[in-house]
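In: A structural model of the following input is requested.
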Amino acid sequence: MTRNARQVKILEIITENVVETQDDLARMLKDAGFNATQATISRDIKELGIVKVSIDGKRQKYIREFSDRNVSNKLISIFKHAVVSINCAVNILVIKTMSGSANIAGMMLDRLENPDILGCVAGDDTVMAVTKSEDAAKQISETLTVLLEQ
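Out: Residues are numbered from 1 along each chain as shown. The predicted structure is shown next:
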């Protein structure tokens, strides 16, 4: 499996689970079909901007650091590898992704902080984003499509 697929899975795992250690993350990755060494996981954590935070004063968990709300080159790269298609249905964007990758596409949309995006919902392989208008949906779709072609 590719590095991008592994990193997408890491983001999914830390979003959906309380992951306290790299060993926990390695085990969850292995359960998901990804074999990775501690050094690889450590490098992925750094590249993805993942940090540990306290959850109850005693335990910690990994989260994605959100201090920089701009879209990073790494996120764009993962997004480009995850997305299969982008379509509009009136004022709704429908983004199809590889299985298990919709969260990364949803994260990308959130990071755009576009005021025309009212909200988005990610499933396993589909993201639906509601926009303020049909024109806004078309414009965002065109922008994302250009991004995928770069």
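In: hmm, who's touching stretch 104-124?
Out: Residues from elsewhere that reach stretch 104-124 (C-beta atoms under 8 Å, 6 or more residues apart in numbering): 8, 11-12, 64, 69-71, 75-76, 78-79, 82-83, 93, 95, 97, 99-100, 102-103, 127-133, 136, 139-140. Every residue, glycine included, has its C-beta placed from N, CA and C.
In: Please list all residues in contact with residue 81.
Out: So residue 81 contacts 2, 4, 5, 8, 98 (C-beta under 8 Å, 6+ apart).
In: What are the buried residues along stretch 7-25?
Out: 7-15, 19, 22, 24-25 (16 or more other C-beta atoms under 10 Å).
In: Just those: which are in helices?
Out: 7, 8, 9, 10, 11, 12, 13, 14, 15, 22, 24, 25 (DSSP state H).
In: From residue 98, how far off is the third one?
Out: Yep, that's residue 9 we're talking about. 11 Å (C-beta to C-beta, to the nearest Å).
In: what does the fifth one give?
Out: For residue 11, the distance to residue 98 under the criterion C-beta to C-beta works out to 13 Å.
In: Over to the second one?
Out: Distance from residue 8 to residue 98, counting by C-beta to C-beta: 8 Å.
In: what is in contact with those two at once?
Out: 81, 82.
In: need the helices for the protein, in chain order.
Out: 3-16, 22-31, 38-48, 73-82, 102-112, 134-149.
In: which of those helices has the lowest average pLDDT?
Out: Per-stretch mean pLDDT for these is lowest at helix 73-82 (a mean of 81).
In: Tell me what angle that helix forms with helix 3-16.
Out: Counting by axes from the mean of the first three to the mean of the last three C-alpha atoms, to 10 degrees, helix 73-82 lies at 100 degrees to helix 3-16.
In: tell me which residues in helix 73-82 are buried?
Out: For helix 73-82, by 16+ other C-beta under 10 Å, it's 75, 78, 79, 81, 82.
In: Now for these: which two are most distant?
Out: For these, the farthest-apart pair by C-beta to C-beta is 75 and 81; their separation is 11.1 Å.
In: I appreciate the help and will end here.
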